[in-house]
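*Asks:* Give me a 3D structure for the following:
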Amino acid sequence: MKILLPPSEGKTPASSGPPLDLPELSTPDLTPQRKKVLTALQKVSKRKDALEQLGVGASLSTEVERNISLDTIPCAPALLTYSGVLYEAMGAPDLVADAMSDETLAQRMRNVHVFSALFGQVNGLDPIPAYRLAMKTDLGTLGKLASWWKPVLSKSFTVDPAEVILDCRSSDYRAAWPGPHEQVIALGAVKVTDSKRSVVSHWAKYYRGELVGRLLSDDRKLPTTAEELVSRAEESYEVEFTPHAKSKPAALTIVLRD
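*Replies:* Down below sits the predicted model:
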């Protein structure tokens, strides 16, 4: 099984670690494209209107300035660099620490892929710097990054026809690589109050991260079928499963009741 995650807007800069080495990242065939985006991002980040171009406010000026030095500042595993509700609920720091001495867990972490406006996608243990760039950004000559990455990732990010793909990403990142509908299972959450349903947005990130953390830390192998994934989710939550349609992937929904 592959697990697809969104990046976080906020990222934790590494206090120490190696500098960025693009050819050493997983999926090294993406190195030329990653270089193009990195170069374009550094160029935009030096401009006087960098904040406007990157769609961020003045409070993030330090992060934008850091973009200029992304090829020299320290890197840390992706699951430590990305932060926020999903990664906290996953227990990412503990998973990364345990993976250092547990090769079985480390291999599971390599099946976790974070989709990235800068790198296309990286696995959970790839060392990356803390950067500021969103997939919806129009980066000058490259255009909107979701559109730019889509044909690249369609050729690069391939999956076995028998693999199950648990998709925890937001729409911007799904657009960059929708994947085969018959294999993708989109994970979401709804809240039920007095028989009324409402989509959970912020807290959906929490439950996505929590389920992923449970799957990764379990001594059992990752699920290999949709049925097995649903069964594992049912151990902790009330869930609903909707099979895929011609134009939509399957959906696994965690149901939260008051």
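*Asks:* Can you tell me the SS state at the closest residue to residue 162 other than its chain neighbours?
*Replies:* Nearest residue to residue 162, sequence neighbours excluded (Cβ to Cβ, 6 or more residues apart in numbering): residue 224, at 7.8 Å. Where C-beta positions appear, they are placed from N, C-alpha and C, glycine not excepted. Under DSSP: H, G, I helix; E, B strand; the rest coil, residue 224 falls in the coil class.
*Asks:* Quick check: residue 224 touching residue 165?
*Replies:* No. Look at residue 224 against residue 165 with Cβ atoms under 8 Å: they stay out of range, at 11.7 Å.
*Asks:* between those two, which one's more packed in?
*Replies:* Shown here are residue 224 and residue 165; by other Cβ atoms under 10 Å, residue 165 has more neighbours (20 against 12).
*Asks:* Secondary structure element for residue 189, which one?
*Replies:* strand 184-193 (DSSP states H and E).
*Asks:* Centroid-wise, who is the farthest residue in the chain?
*Replies:* residue 194 (33.7 Å; Cα atoms, centre = their mean).
*Asks:* In the next helix or strand after the strand holding residue 189, which residues are buried?
*Replies:* Using DSSP H and E, the helix or strand that follows strand 184-193 in sequence is strand 196-199. The neighbour-count check on strand 196-199 (16 or more other Cβ atoms under 10 Å) flags nothing as buried.
*Asks:* Provide the strand pairings for strand 196-199, with the direction of each partner.
*Replies:* strand 184-193 (antiparallel) (DSSP bridges).
*Asks:* Can you give the contact residues for the strand it pairs with?
*Replies:* Outside strand 184-193, the residues within contact range by Cβ atoms under 8 Å, 6 or more residues apart in numbering are 164-168, 174, 178, 197-200, 203-204, 207-208, 211, 226, 229, 244, 249-258.
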